[in-house]
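# Return atomic coordinates for the entry below.
(one chain, ligands or ions: 2)
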Amino acid sequence: MRNIKPVTVSLKQLHEGLDDSTLQEAFGPDSLGIIVIKDLPAEYPKLRETVLTNSSKLANLPSEVLSQLEKEDAFWLIGWSRGKEKLKNDKYDYNKGSFYLNCSFHVDDSLECPPPTTSSDKTGDFSSYKGYISENVYPPEDLVPGFKDQIKKLINLIITIGESVAVNCDRYIKETVDTEYPEGYLARIVSTSYSSKARLLHYYPAQETTDDDDWCGEHVDHSCLTGLTSALYSDSQNDGDDGGLFIKSRNGEIVKVDIPPDCLAFQSGSTLEEVSKGGFKAVPHYVKSSPSRRDVSRNTLAVFMQPNLHEMVNDKENFAQYSNRILKKNH
Ligand SMILES: O=C(O)CCC(=O)C(=O)O
Ligand SMILES: [Fe+2]
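Ligands and ions are numbered 1, 2, ... in the order given. Sure thing, here's the model as predicted:
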């Protein structure tokens, strides 16, 4: 197992446009499929720390408060979710708590869910897709002050940088991966979708375990592009050498990926693989607790940038249908 420094560029370089060899190194056939962005806006470090600290406050609220934030009718894909997703051994996952938000506020600040559509709209009726169309909930302001305001700010910042990552990926995919790829597809999805999702994670201390992927089993995200913060641990250390985020590279090698605290990482998901007809591969990854630090918790934020529900992602399925098929496997 190698510890590799992923391709890292500054926000300025990203805005100016990355050269082909950098894009190739980050996303090409021999890559990890992840890029790290440094020199972020000055407010980023404090915002990250506040939001990730709030994740611990939220996860340790009394169970009767947390149950008010559970949305069973939304398939637990809005609000609080713990013990609802299955692990690979078919047991329910209590190792982590997730708090999900719909990110439609990035397109229109007044929205906490996508605008409703009906069958008379040209996009169709998606009222049964409750996991995507339900309104966000937030913990009571007096119990976790500033939670809503700060997490929305951080998500908006991540999606805005995701837009610049997308512009670079679009050019690379069109020129070198799939000439039929729709021009500017990813940048349009990232900047205009009402269906992107954020997941604030709290991994509870892992206790005894023998599994290599005890905190989060190996998977590919079903987003187009996922933005990830560097994780915050309860002992204020970084991931260290034997815990944290691991990626399976394009040639099957397991690689430990370090995201420095003042940086953001972006990795590609399976919807983009689908849209690029298999050319731009999704990144298999998992999260492991450190064997030498079993008593620490880990917090992070993932933002899954993905299409509106009516957008076709292959010849047969729109994103709603595609996503339903994938999610059914996990619940
Ligand atoms: O915890 C992490 O670093 C990654 C989380 C993740 O892979 C996910 O939520 O899909
Ligand atoms: Fe993931």
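
# Close to ligand 1: what parts of the stretch 101-250 of the chain are there?
Arg199, Leu201, Cys216, Asp221, Leu228, Ala231, Leu245 (C-beta under 6 Å from any ligand atom). Any C-beta I mention is one placed from the backbone N, CA and C, and that applies to glycine too.

# Among those residues, which ones are in strands?
Among these, the members found in strands (DSSP state E) are Arg199, Leu201, Cys216, Leu228, Leu245.

# Using JSON lines, lay out those together with neighbour count and pLDDT.
Listed next are those as JSON lines, based on neighbours: other C-beta atoms under 10 Å; pLDDT from 0 to 100:
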{"residue": "Arg199", "neighbour count": "18", "pLDDT": "98"}
{"residue": "Leu201", "neighbour count": "21", "pLDDT": "98"}
{"residue": "Cys216", "neighbour count": "24", "pLDDT": "87"}
{"residue": "Leu228", "neighbour count": "22", "pLDDT": "98"}
{"residue": "Leu245", "neighbour count": "24", "pLDDT": "94"}
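
# Now for those: which two are most distant?
Farthest-apart pair in those is Arg199 and Leu245; separation 13.9 Å (C-beta to C-beta).

# Heading C-terminal from the longest helix along the chain, find the next helix or strand.
Counting residues, the longest helix found in the chain (DSSP state H) is helix 147-172. Counting by DSSP states H and E, the next helix or strand C-terminal to helix 147-172 is helix 185-192.

# What average pLDDT does that next one get?
Average pLDDT, helix 185-192: 96.

# buried residues in it?
Residues of helix 185-192 classed as buried: Tyr185, Leu186, Ala187, Arg188, Ile189, Val190, Ser191 (neighbour count, 16 or more other C-beta atoms under 10 Å).

# May I ask you to confirm that the third one is in contact with Ala166?
In other words, Ala187. Yes - using C-beta atoms under 8 Å, Ala187 is in contact with Ala166, at 4.2 Å.

# Tell me which stretches of the stretch 1-150 of the chain form helices.
11-16, 20-27, 44-59, 63-68, 130-133, 147-172 (DSSP state H, counting those that start in this stretch).

# could you redo the ones you listed as a markdown table and give each row distance to Val303, mean pLDDT and mean neighbour count?
Output for the helices of the stretch 1-150 of the chain, formatted as a markdown table (distance: least, C-beta to C-beta, whole Å; pLDDT from 0 to 100; neighbours: other C-beta atoms under 10 Å):
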| stretch | distance to Val303 | mean pLDDT | mean neighbour count |
| --- | --- | --- | --- |
| helix 11-16 | 16 | 98 | 14 |
| helix 20-27 | 18 | 94 | 18 |
| helix 44-59 | 11 | 98 | 19 |
| helix 63-68 | 22 | 97 | 12 |
| helix 130-133 | 15 | 94 | 21 |
| helix 147-172 | 5 | 98 | 21 |
